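Visitor: Predicted structure and sequence below. I'll ask about it afterward.
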Amino acid sequence: LKWCSDGFSIEVLYSLPGVATQVVASIGGVLDILIDCGDGVLRDLLMGYYLDAELFNRIAAVLISHEHFDHVGGLYSLMDFMHMIGRVERLIVAVPRPSIVVKGFIRAVEEWRGGLSYGVDLIEVVDGDVLHIDPVEVRAFEVVHRSRTRMEPHGRRVPAVGYSLSYGGVRVVYSGDTGPCPSLEREVEGADLAILEATWGRGEVLGDSHLTEDEAIRLGEKARHYILIHRRSRLMEILEELEREGRRA
Ligand SMILES: [Zn+2]
């Protein structure tokens, strides 16, 4: 899934709820920003997007929307891979405050390697924070998201943000995982591209921790273009295809 406008391109490498989500924003073909970093991100980048380890040095920043495993699980592999290839450029890692998982990954990989070949700038963001990742401006905005497990279907709120990326008059908004909220409404208004989670299918109303496809489409129509990601209906389709092929018992 790819979108491009005036040297600003977006590619959704992978996105399924409860599995992984990773999106690459590429600016002028020289600087890339990875938005979320689920499991398999290294495979997706190395075997599909870059096809050349050297190109990982283009990644200036990793923006994490929240610390659920399907958005952050691949960060450890990515960071250790960057050390293995001898990266020297500093890496920005942005994550909503207070971070537990990202901090833990960074500490673990640094201790395991006895120091990394590159420096890491960990930035814990709150609503309204602006990062200048030259030539891109990134603004974090708070969204509403909860932990949801079988044991605890309406769990605690977790620190969660969306990101608004601006470059050369083009603005791209990434929702992260969120239920309906005024900040997201405000951010998508007039954006050139909105990348929106759409976890629940039509007619499913399963709490306020995610958007339904209908809600995401209504929001997306406030932007010039939109892409729906993190769709449970797509996950179900894939599982049904596997079942038809006899790959599942
Ligand atoms: Zn989540």
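Guide: Arrived safely. Numbering: from 1, shown residues only.
Visitor: For the closest residue to Leu219 other than its chain neighbours, give me its contacts.
Guide: Among residues not flanking Leu219 along the chain, Val188 sits closest, at 5.3 Å (C-beta to C-beta, 6 or more residues apart in numbering). For every residue, glycine as well, the C-beta is placed using N, CA and C. By C-beta atoms under 8 Å, 6 or more residues apart in numbering, the contact set of Val188 is 173, 175, 194, 196, 219-220, 222-223, 226.
Visitor: Please tell me which one of those residues counts the most neighbours.
Guide: Ser175 (32 neighbours; other C-beta atoms under 10 Å).
Visitor: Next, that one: phi, psi?
Guide: phi -80, psi -30 (degrees, to the nearest 10).
Visitor: Isn't it up against Glu197?
Guide: Yes: using C-beta atoms under 8 Å, Ser175 is in contact with Glu197, at 5.1 Å.
Visitor: what sits in contact with each of these two?
Guide: Common neighbours of Ser175 and Glu197, using C-beta under 8 Å, 6+ apart, are 211, 216.
Visitor: related to what we said a few turns ago, which one of the contacts of Val188 is nearest the ion?
Guide: Looking at the contacts of Val188 and their distance to the ion, the nearest is Ser175, at 11.1 Å (C-beta to the ion).
Visitor: where does Gly128 land in three-state SS?
Guide: coil (DSSP: H, G, I helix; E, B strand; the rest coil).
Visitor: and it, what does it touch?
Guide: Contacts of Gly128 by C-beta under 8 Å, 6+ apart are 139-141.
Visitor: Could you dump those residues into a markdown table and include secondary structure?
Guide: Converted to a markdown table, those look like this (three-state DSSP):
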| residue | secondary structure |
| --- | --- |
| Arg139 | strand |
| Ala140 | strand |
| Phe141 | strand |
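Visitor: can you pick the most crowded of these?
Guide: Tallying neighbours with other C-beta under 10 Å puts Ala140 at the head of those, with 25 neighbours.
Visitor: Close to the ion: what parts of the protein are there?
Guide: Residues of the chain lying near the ion by C-beta under 5 Å from the ion: 68, 177.
Visitor: so where's the chain shaky on pLDDT?
Guide: Of all residues in the chain, those with pLDDT under 70 make up the ranges 205-207, 248-249.
Visitor: Check the contacts of Val188 and tell me the two furthest apart.
Guide: Ser175 and Lys222 (12.2 Å; C-beta to C-beta).
Visitor: With adjacent residues omitted, what lies nearest to Trp3?
Guide: That would be Ile10: by C-beta to C-beta, 6+ apart, it lies 4.6 Å from Trp3.
Visitor: Can you tell me how far the one you found is from Val23?
Guide: Distance of Ile10 to Val23, computed by C-beta to C-beta, to the nearest Å: 7 Å.
Visitor: what touches both of those two?
Guide: Ile195.
Visitor: tell me, what's touching Ser175 and Lys222 both at once?
Guide: 188, 194.
Visitor: tell me, what residue is most central in the chain?
Guide: For the chain, the residue nearest the mean C-alpha position is Asp36 (2.6 Å; C-alpha atoms, centre = their mean).
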